[in-house]
Structure formats: C-alpha cells, structure tokens
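**Student:** Okay, predicted coordinates and the sequence, questions at the end:
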Amino acid sequence: MISSKRRVLKQGAEAIIYLSERSGRRVVVKERIPKAYRDPALDAILRRERTIREAKMLSQARRAGVRTPIIYDVDVLEHSLVMQYIKGRTLRERFEEQVPSGIPEKIGDMAGTLHDAGIVHGDLTTSNMLLSSEIYLIDFGLSKRSSEIEDFGADFLLMEEALIGLHPRRTDVLRLIRKGYAKRFDRAPEVFLKVDEIKKRRRYV
C-alpha cells in the first residue's frame, strides 16, 4: 500500500511526480492528471493507454541494457506508475557545476543502446538523466518504438541542443557523446548526417 504522505518532485502539464512510501521503502509515483478540456471518457482512455505504454517502454529499455527505474506497479485505474526511487541528481544539475570525467561518453553509450533497441525517448535531455552510482534514464512519457533515422536524429539533436544551451563552448562534450554513441550504434553515421539535415531544414523554414 502506498503511503498517504507524499512530496511533490515535479509537476508538468501531463503528470505529477511525487515521492512516497510503499512497504517501508521510498518509491516514486507518476500520476497522469485529467485534462478538463477533453471528454472525460476519452481522457480516461488516453491516460490509461499512455500509462501502460510508458511502463512497457521503460521495461523494454531496461531489458536492452539502459538503466531505468524498476516498475513496481501499474495502476490503470489511477493512471499511475509506482517506480524505484533512485537517489541522485540530474545531469543537468551536475553539468551546471562541472562535467564529470567519463560521463559524456556514457551518455552517448546509453543513447546508442536505446536507439539500437529501436526505442526513441522523445525527451532525451540531461534533465531526464539521473546520476547515482551510474546514469539512469527517466521519463519515458514521450517514448515510442521506431526504426526511422529521422526519429533517431530528432532525438539526438534534442539532446545536443540541450547541452549546447548549458555549455555553448564545450564542443568536447558533444564530441565525446558522439564517440560513445558511435561505438554502441552501427547506424550512428546516418544519424549524424540526419542531425545536420534537420538543422539545415530549420534554417530555411
């Protein structure tokens, strides 16, 4: 049973994430919130489907070798996921202080492992990477299955742009991430070309 005591960790447009307890241990609960502008029946269906999909994607990524929180429970009535609590800080917070040695290549390795398994995260930023003893990838709310280079390129570009925003002069960080990614994912050269293509498209829009 989940404790009634809870501390909100994050609240977004789609969900509220809070820290709670279950059987004497801390857990993270992600609860999808209703949308008043949607038909209630449709809203319930969408929240249920997205909750189930996220749980599946988290599990698939974990089986592929990406560290993710363990799913303890999926409550389709409450549209919530009960997950392992991972003590750590986001890489965004760590990078604002300094970039730990060896971490950029590990980020690339993780992204490459994910894409090699045919999974697109959808929000592959350092805000969704927790640094504990290892790097954990969280928040698979926008994730999906894909084999399209376009999807991998968009995923990778989002990550690069987020890092450039934090460290505009640290080109070495991007280089090391690409190095780790290329070691893990055979289609990396295609992805890098697609990243450049997407950038060019934006310039002419």
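**Tutor:** Perfect, thanks for sending it. These numbers were taken from a predicted model, which means no experiment stands behind them.

**Student:** buried residues in the biggest helix by length in the chain?
**Tutor:** Using DSSP state H to define each element, the chain has its longest helix at helix 40-64. Using 16 or more other CB atoms under 10 Å as the test for burial, helix 40-64 gives 43-44, 46-48, 50-51, 54-55, 57-58, 60-62. Heads up, the C-betas are built off the backbone N, CA and C, glycines and all.

**Student:** of all these, which two lie farthest apart?
**Tutor:** Taking CB to CB, the two most distant members of the buried residues of helix 40-64 are 43 and 62; they sit 28.9 Å apart.

**Student:** helices or strands next to whichever helix or strand residue 198 is part of in the packing?
**Tutor:** Here residue 198, judged by DSSP states H and E, is contained in helix 188-203. On a contact count with 3 or more CB pairs under 8 Å, 6 or more residues apart in numbering; DSSP states H and E, helix 188-203 meets helix 149-166, helix 171-184.

**Student:** Recalculate using a threshold of 6 Å.
**Tutor:** helix 149-166 (3 or more CB pairs under 6 Å, 6 or more residues apart in numbering; DSSP states H and E).

**Student:** For the helix it packs on, name the packing helices and strands.
**Tutor:** helix 188-203.

**Student:** who's in contact with the helix it packs on?
**Tutor:** Residues from elsewhere that reach helix 188-203 (CB atoms under 6 Å, 6 or more residues apart in numbering): 149, 152, 153, 156, 157, 181, 182.
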